[in-house]
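Student: Here is my input, please return the structure:
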Amino acid sequence: MAQRLVLRQLLSLTSRTLPPQGPLAPHGRAFGTSAACRSTFNVQDGSDFQDRVVNNPKPVVVDFHAQWCGPCKILGPRLEKMVAKQEGKVLMAKVDIDDHTDLAIEYEVSAVPTVLAMKNGDVVDKFVGIKDEDQLEAFLKKLIGA
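Tutor: Presented below is the predicted three-dimensional model:
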């Protein structure tokens, strides 16, 4: 008996707190993209890298990383945040070295994380390892020319 009462109370609360469902229900959520999503992308293959990085008129930061790399998991989000702060003046390409070994070899990546700064298809700067936000900001400003 007590279980039925609790179940009834739970069901009555649930029906009052859940938004209406179905095709005619008003949409309570709006989808948007943050600056980080617009300025950061994952490289899909060699031709994607050529199109979106090498041939890009904007400066591009290339983050060579791996899923198993602990420092990469720290640097990646930090770098994305700093790139997003640049408001579209620079883009960030993420390259998983296990998926794109050919790109890692071509750009002489011997350790991860390795970050390249590319402008007009050329590597103009590079660092290996973790950097703090001040160092990343200086790296990006140098790339942008600010």
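Student: going forward, measure contacts between C-alpha atoms and count neighbours the same way
Tutor: Noted.
Student: so what's the most centrally placed residue in the chain closest to, chain neighbours aside?
Tutor: Per CA atoms, centre = their mean, the C-alpha nearest to the average position across the chain is that of Thr40, at 4.9 Å. Spatially, and ignoring its direct neighbours in sequence, Thr40 is nearest to Met92 (4.6 Å; CA to CA, 6 or more residues apart in numbering).
Student: Just list whatever residues bridge to the one you found.
Tutor: Applying DSSP bridges to Met92 gives these bridge partners: Thr40, Val61.
Student: quick revisit: tell me the contacts of the residue nearest to the centre of the chain?
Tutor: Residues near Thr40 by CA atoms under 8 Å, 6 or more residues apart in numbering: Glu80, Val83, Leu91, Met92, Ala93, Lys94.
Student: on that earlier part again, so the residue nearest to Thr40 sits right up against Arg78, yeah?
Tutor: No. In this structure, Met92 is not within contact of Arg78 by CA atoms under 8 Å, at 11.9 Å.
Student: These two: who's more crowded?
Tutor: Between Met92 and Arg78, Met92 has the larger neighbour count (other CA atoms under 10 Å), namely 29 against 16.
Student: What score does the more buried one have for pLDDT?
Tutor: Met92 carries a pLDDT value of 98.
Student: again with the one 10 residues further on
Tutor: pLDDT for Asp102: 97.
Student: what's the answer for Phe64, then?
Tutor: Looking at Phe64, the pLDDT reads 98.
Student: what are the ranges of the strands in this protein?
Tutor: 40-42, 60-65, 91-96, 114-119, 122-128 (DSSP state E).
Student: what's around Asp132, how many residues?
Tutor: Asp132 has 10 neighbours, counted by other CA under 10 Å.
Student: residue contacts, Phe41?
Tutor: Met92, Ala93, Lys94 are the contacts of Phe41 under CA under 8 Å, 6+ apart.
Student: So it versus Leu143, what's the distance?
Tutor: Distance of Phe41 to Leu143, given as CA to CA, to the nearest Å: 18 Å.
Student: One more: Gly129?
Tutor: Relative to Leu143, Gly129 is positioned 18 Å away (CA to CA).
Student: more neighbours, those two?
Tutor: Neighbour totals were compared for Gly129 and Leu143, and Leu143 leads with 19 against 12 (other CA under 10 Å).
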